[in-house]
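>>> coordinates for the following, if possible.
(chains A and B)
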Protein chains: 2
Amino acid sequence: MKRRDWLAWGAAVPGAAWLAGGAGPVSAEVPAAGCVGSGDLGLVVERARGTLAVINTSRRTVLGGIAGLGDLSHASVVFSRDGGTAFVFGRDGGLSKVNLLTRRIDARVMQAGNSIGGAISQDGTLVAAQNYKPGGIKVFDARTLAQVADIPAEYEPGKLSRVVGLADLPGQRFVFSLFDAGAIWIADVSDPARPLLTKFDGVGQQPYDALLTPDGRHYIAGLFGEDGLVLIDLWDEVPKPRRILDGYGRGEAPLPVYKMPHLRGWAVAGRHAYLPAIGRHEVLVVDTASWQEVGRIAVAGQPVFVMARPDGRQVWVNFSVPDYDRVQVIDTPSRRIVKTLEPGKAVLHMEFTPRGEAVWISSRDANRVSVIDTQRFDTLAQLDIDSPSGVFFTSRAARMGF
Amino acid sequence: MKRRDWLAWGAAVPGAAWLAGGAGPVSAEVPAAGCVGSGDLGLVVERARGTLAVINTSRRTVLGGIAGLGDLSHASVVFSRDGGTAFVFGRDGGLSKVNLLTRRIDARVMQAGNSIGGAISQDGTLVAAQNYKPGGIKVFDARTLAQVADIPAEYEPGKLSRVVGLADLPGQRFVFSLFDAGAIWIADVSDPARPLLTKFDGVGQQPYDALLTPDGRHYIAGLFGEDGLVLIDLWDEVPKPRRILDGYGRGEAPLPVYKMPHLRGWAVAGRHAYLPAIGRHEVLVVDTASWQEVGRIAVAGQPVFVMARPDGRQVWVNFSVPDYDRVQVIDTPSRRIVKTLEPGKAVLHMEFTPRGEAVWISSRDANRVSVIDTQRFDTLAQLDIDSPSGVFFTSRAARMGF
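Alright, predicted model coming up:
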């Protein structure tokens, strides 16, 4: 503490002086004191009243709310590169640009009649929405929400398919599935005025959702109309669809499906993917090199979200009605259920903190979000939030396929 | 755009109203307008003059600078959970808490005579420094920089080892290697007043650096005094050190070592780790299940940093003198060098943007940081920065072992 440089601490160098000192292009403005980092912020969708709760995962509190977002049933969210802005896709086709720091809506457009989520390009400049009505995707300038491309999912003259499973790919590309057409398309919007489409037809009946592996290599769509999934290895020189897990439920009585499961890159833990067996009380364990089933884990109900803790040591599962008051935790090395939790009725979603020490679980009918320690399983906090559904943390901005 | 909710956009709900509306604990303050997200910020160490350049990876600019940080040769940086704060470990033992948003030093302590980096706990509350002199680690409250634990690396009465390879583990734990003792220790500082130590002795001579795999499962230390590495599987019920890659250079004339390579979790891409072969012009390819060598890739010089692009499709390598003007890119599926770049003399470090579309490369003697597109290899920007060494982006906050 006796060094000369000790005396200098706190000496910020203003932009202009910095420039004179030889550093390159410099922005002069310095944000006001009171600004904080956005890396521990997130949003919880309050679906009943169409509002968002802005939360902080370090303090485990609600910071405030944002209203005026329309119909937020099945709403989903992606984040800007800086984590300060959320793009909220409402079921009613509303696309809202929300500032998490000021807690205001910076822009909003009604872009479709029925929308089911979206994605943001690798470089953060383009936002894409996947729509049921009119079926297709639309691409927007992330800065202004001006529409830059409209890609109808026209699979036969005059027939538009509902679009699901939209994900960003490296470059200005998006991949998505056509539920009604049994197809997968890749749109390259490097030049938004002239999108380049690569189409894979006949991939299987009714792809209902899809996932991109965390490395961006494999795109996998679940099939509702068939007993299997379809995979595309995007690193192949000529990518082509390939059926995997064909007949994973064959020969056994099909179960009614109470809620469609969700797929996303969180399914991958280490060398395995953990996938909800549609309609069954099982999680499928799949080797991500051979894409063969290597095991099944019996669980408490029909799985909806099957999510790996960021380190892959655990996989957490929630369920459709009537088992939707429970959450189960799978230990991946032993493939055993190590914990069953009951965090409140109608568990709709879960989200892990970036380094996985905690998980946030929304219980819609309990009007509660629970923060659970993932090692000891004790409850660290309970937040009163109105009919919570999706929980989304800004750390998603740094991940592909989210 | 004719919906009623369109009229409501921009209607932020203040904290108090939110509380009345039924949401849980609420913070009333709203940050001032002008605040921005911190997810695309970073720091570049200007080692010669002991300053930091604050950069923005979306705009590819220098936002400003921060002075008064002492000796920043071999300086390293970790980030707070919110990404708004950096903890800077100077070679002279200075530990500085730097606010990236106001570009000011919020706190600074001289904690050792010779320091070599640090880590931050999984929950972001504790910062640990690894020291050469006095040999050991010290743990600080991330909020105040008050020292909460001092763990001398005393391996024989009165003898303190230099500490290297410090990394955070799940829970309030840190793992590190004792260069002079040939040991690896784990410190559990759940109760900082009574740290619990687990010691692994006789792991091999002179562990010089280490890495934690991105899943936090495997800790691997490189050995300078022996021809091999040592690995600990931290998921084992009783973890124990195990030698791997024994004799990877055996039987051939040893090369002089011009600069010690660096190890970190960036070495892992898909199912393989890509490790610098110490003293050799080779990168070792290691299967992360068997931990056997499965290949070698000849490169342009002695590798220093061997870093996977976040998607693992590429591995980028820089070199020690005399080959330190070059950077080579390995395509991982084919294990071939697909590009050799010369971004300026004395390449000291590289850092990928979170989703990997670009890499920032520091060229010390060219006083330049280059931003390179990782798909086309064209230069997106060049920033004039004085003697740049380490480049650190806030996205590290979300990763284990960084």
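>>> CA only for contacts and neighbour counts going forward, please
Fine.
>>> low-confidence ranges, chain A, go.
A:1-33, A:250-255 (pLDDT under 70).
>>> which stretches of it form helices?
A:4-7, A:15-20 (DSSP state H).
>>> contact partners for residue A:235?
Neighbouring residues of residue A:235 by Cα atoms under 8 Å, 6 or more residues apart in numbering or on different chains: A:217-218.
>>> could I get the phi/psi values of it?
When read as degrees, to the nearest 10, the backbone of residue A:235 gives phi -90, psi -10.
>>> from residue B:310, how far out is it?
Remark: distance between residue A:235 and residue B:310 (Cα to Cα, to the nearest Å) = 15 Å.
>>> also residue A:390?
26 Å.
>>> check residue A:85 too.
23 Å.
>>> what does residue A:116 give?
28 Å.
>>> can you tell me the closest non-neighbouring residue to residue A:345?
residue A:325 (4.3 Å; Cα to Cα, 6 or more residues apart in numbering or on different chains).
>>> hmm, residue A:276 and residue A:261 touching each other?
Yes: in this structure residue A:261 lies within contact range of residue A:276 using Cα atoms under 8 Å: 6.6 Å.
>>> among the two, which residue is more densely surrounded?
residue A:276 (28 against 22; other Cα atoms under 10 Å in any protein chain shown).
>>> for beta bridges, what are the partners of the more buried one?
Residue A:276 has these beta-bridge partners by DSSP bridges: residue A:283.
>>> then residue A:95?
residue A:89, residue A:109.
>>> check whether it really touches residue A:106, as I assumed.
No: proximity of residue A:95 to residue A:106 does not meet the contact threshold set by Cα under 8 Å, at 11.1 Å.
>>> just give me how far stretch A:393-402 sits from the chain centre.
Its chain's C-alpha centre and that of stretch A:393-402 lie 7 Å apart, by Cα atoms, centre = their mean, to the nearest Å.
>>> what do you get for stretch A:103-111?
Counting by Cα atoms, centre = their mean, stretch A:103-111 comes out at 20 Å from the chain centroid.
>>> do the same with stretch A:77-97
On Cα atoms, centre = their mean, the centre of stretch A:77-97 falls 12 Å from the chain's centre.
>>> could you export that stretch as PDB, CA atoms only?
Extracted C-alpha coordinates of stretch A:77-97, given in PDB (Å, rounded to 0.1, in the frame of the first residue of the first chain):
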ATOM      1  CA  VAL A  77     -37.700 -13.900 -24.800                       C
ATOM      2  CA  VAL A  78     -34.200 -13.400 -26.400                       C
ATOM      3  CA  PHE A  79     -31.600 -10.900 -25.400                       C
ATOM      4  CA  SER A  80     -29.400  -8.300 -27.100                       C
ATOM      5  CA  ARG A  81     -25.600  -8.800 -27.100                       C
ATOM      6  CA  ASP A  82     -25.200  -6.300 -24.300                       C
ATOM      7  CA  GLY A  83     -27.800  -8.000 -22.100                       C
ATOM      8  CA  GLY A  84     -29.600  -4.700 -21.500                       C
ATOM      9  CA  THR A  85     -32.500  -5.300 -23.900                       C
ATOM     10  CA  ALA A  86     -35.000  -8.100 -24.200                       C
ATOM     11  CA  PHE A  87     -37.000  -9.000 -27.300                       C
ATOM     12  CA  VAL A  88     -40.400 -10.400 -26.100                       C
ATOM     13  CA  PHE A  89     -42.500 -12.500 -28.500                       C
ATOM     14  CA  GLY A  90     -46.100 -12.500 -27.500                       C
ATOM     15  CA  ARG A  91     -48.700 -15.100 -28.500                       C
ATOM     16  CA  ASP A  92     -50.700 -12.400 -30.200                       C
ATOM     17  CA  GLY A  93     -47.900 -11.500 -32.600                       C
ATOM     18  CA  GLY A  94     -46.600  -8.600 -30.600                       C
ATOM     19  CA  LEU A  95     -42.800  -8.100 -30.700                       C
ATOM     20  CA  SER A  96     -41.600  -5.800 -27.900                       C
ATOM     21  CA  LYS A  97     -38.200  -4.400 -27.300                       C
END
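>>> what are the bridge partners for the closest residue to residue A:163 other than its chain neighbours, then?
Sequence neighbours aside, residue A:178 is the residue nearest to residue A:163 in space, at 4.8 Å (criterion: Cα to Cα, 6+ apart). Under DSSP bridges, the beta-bridge partners of residue A:178 are residue A:163, residue A:183.
>>> so what's residue A:178 up against?
Contacts of residue A:178 by Cα under 8 Å, 6+ apart are A:153, A:161-164, A:184-185, A:206-207.
>>> equivalent analysis for residue A:190, please.
Residue A:190 neighbours (Cα under 8 Å, 6+ apart): A:171-173.
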